[in-house]
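Colleague: Give me a model of this one.
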Amino acid sequence: MTQPSNFSKNFIKAIASISVLVLVFVAGYDYHDRQIKNELNKTQAGGKLINREAKPEFLSQDVDFQQFWQIWNYVKDNYVKPDVSESELFYGALAGLVASLKDPYSVFFDPEISEKFNEELAGSFEGIGAEIGMKDDRITVISPLPGTPAEKAGLKAGDKIFAIDGTDTAGMALDYAVSLIRGPKGTQVKLLVLNTGADKPSEIAITRDKIEIDSVKFSRKNSNGEVQKEEDGFVLEEGDIARI
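Modeller: Residues are numbered from 1 along each chain as shown. Alright, predicted model coming up:
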């Protein structure tokens, strides 16, 4: 998986911003989503987009989709990185469509975020068992969860993760770090960790396990690590913490 840069992430958000969703779409579009993902994969391999000219009958007024394709083609032809992901553009556009409602309770999940959402709702996931956040442009351990591989490996609050399986974390997006650290039970992840008070980082190998969590909560913390707000729910937002 190629790490998205902050510039490319912000660029795509400028075309169609990505938020967090609690709409009925999440449960309902599974089959259609798989079909579209298959076609998008074909597109990246030299295939074609499906239903490009489709216009639904239920539109109450004319909508010129040519404008959409003009922007799409402009991004594909002129963006500084040639390997723009069609799937990111597509799901970003869907997210922008839902965001245009200006309803905080109506947000679109792409398949990857939807999977994380469902894992959190289920009260368990497979990873190392710690809460992380961003501090000084580095992935930082907020707290290891009790009895988890992270705690047994000696991770402590304030430890900074400098690399994940050899990938530098400087400027890394929090959700991308989560995707690298989480993984199937029984597999191993190697973290380059600077422990609090240490002079240089050291590598720690941690075997992933199934992590059970008592309740689905999120905590918003300030720069000193103090909890500002905690409540039931799910959030995926820059500046918040995430579980790995």
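Colleague: how long is stretch 150-170 end to end?
Modeller: 21 Å (CA to CA, to the nearest Å).
Colleague: E126 in helix, strand or coil?
Modeller: With DSSP: H, G, I helix; E, B strand; the rest coil as the basis, E126 sits in strand.
Colleague: Run a quick neighbour tally on it.
Modeller: A total of 16 residues lie near E126 under the criterion other CB atoms under 10 Å. Bear in mind the C-beta positions are built from the backbone N, C-alpha and C, glycine included.
Colleague: so it sits right up against R182, yeah?
Modeller: Yes: counting by CB atoms under 8 Å, R182 is a contact partner of E126 at 6.3 Å.
Colleague: shared neighbours of the two, anything?
Modeller: Counting by CB atoms under 8 Å, 6 or more residues apart in numbering, the contacts common to E126 and R182 are R208.
Colleague: residue ranges with poor pLDDT in the protein?
Modeller: Where the chain drops to pLDDT under 70, the residues are 1-61, 104-105, 107, 116-122, 214-240.
Colleague: What ranges does it have for its helices?
Modeller: 6-15, 25-28, 30-44, 65-78, 86-99, 111-122, 149-152, 174-181 (DSSP state H).
Colleague: now the residue nearest to R243 when sequence neighbours are not counted: how far from I181?
Modeller: Among residues not flanking R243 along the chain, E131 sits closest, at 5.7 Å (CB to CB, 6 or more residues apart in numbering). As judged by CB to CB, to the nearest Å, E131 and I181 stand 12 Å apart.
Colleague: just K135 next, same as before
Modeller: K135 is 17 Å from I181, by CB to CB.
Colleague: the more surrounded of these two?
Modeller: Taking neighbours as other CB under 10 Å, K135 and I181 compare with I181 leading, 23 against 16.
Colleague: Can you give me the distance of that one to V189?
Modeller: Taken as CB to CB, the span from I181 to V189 is 6 Å.
Colleague: okay, and the common contacts of the two?
Modeller: The contact sets of I181 and V189 overlap at I128, I164 (CB under 8 Å, 6+ apart).
Colleague: Where do the domain boundaries of this structure fall?
Modeller: Listed domain ranges for the chain are 6-121, 125-243 (source: automatic domain parsing).
Colleague: can you give me the end-to-end distance of the longest one?
Modeller: By CA to CA, the extent of domain 125-243 from end to end equals 9 Å.
Colleague: What is the neighbour count of the closest residue to L145 other than its chain neighbours?
Modeller: Distances taken as CB to CB, 6+ apart place G129 nearest to L145, at 4.2 Å, with adjacent residues excluded. By other CB under 10 Å, the residues close to G129 number 26.
Colleague: still on that earlier bit, so what sits against both of E131 and I181?
Modeller: Common contacts of E131 and I181, defined by CB under 8 Å, 6+ apart, comprise I244.
Colleague: quick one: contacts for K210?
Modeller: Per CB under 8 Å, 6+ apart, neighbours of K210: S124, F125, E126, K185.
Colleague: Considering these, which possesses the most neighbours?
Modeller: Highest neighbour count within those: F125, with 21 neighbours (other CB under 10 Å).
Colleague: Show me the beta-bridge partners of that one.
Modeller: I211 (DSSP bridges).
Colleague: And it, how close does it get to D62?
Modeller: F125 is 46 Å from D62, by CB to CB.
Colleague: what do you get for G127?
Modeller: Going from G127 to D62 by CB to CB gives 48 Å.
Colleague: When these two are compared, which one has more neighbours?
Modeller: Higher neighbour count among G127 and D62: G127, with 25 against 7, using other CB under 10 Å.
Colleague: From W72, how far out is the more buried one?
Modeller: In this view, G127 and W72 are 35 Å apart by CB to CB.
Colleague: With R138 instead?
Modeller: 35 Å.
Colleague: ditto for I161
Modeller: For I161, the distance to W72 equals 36 Å [CB to CB].
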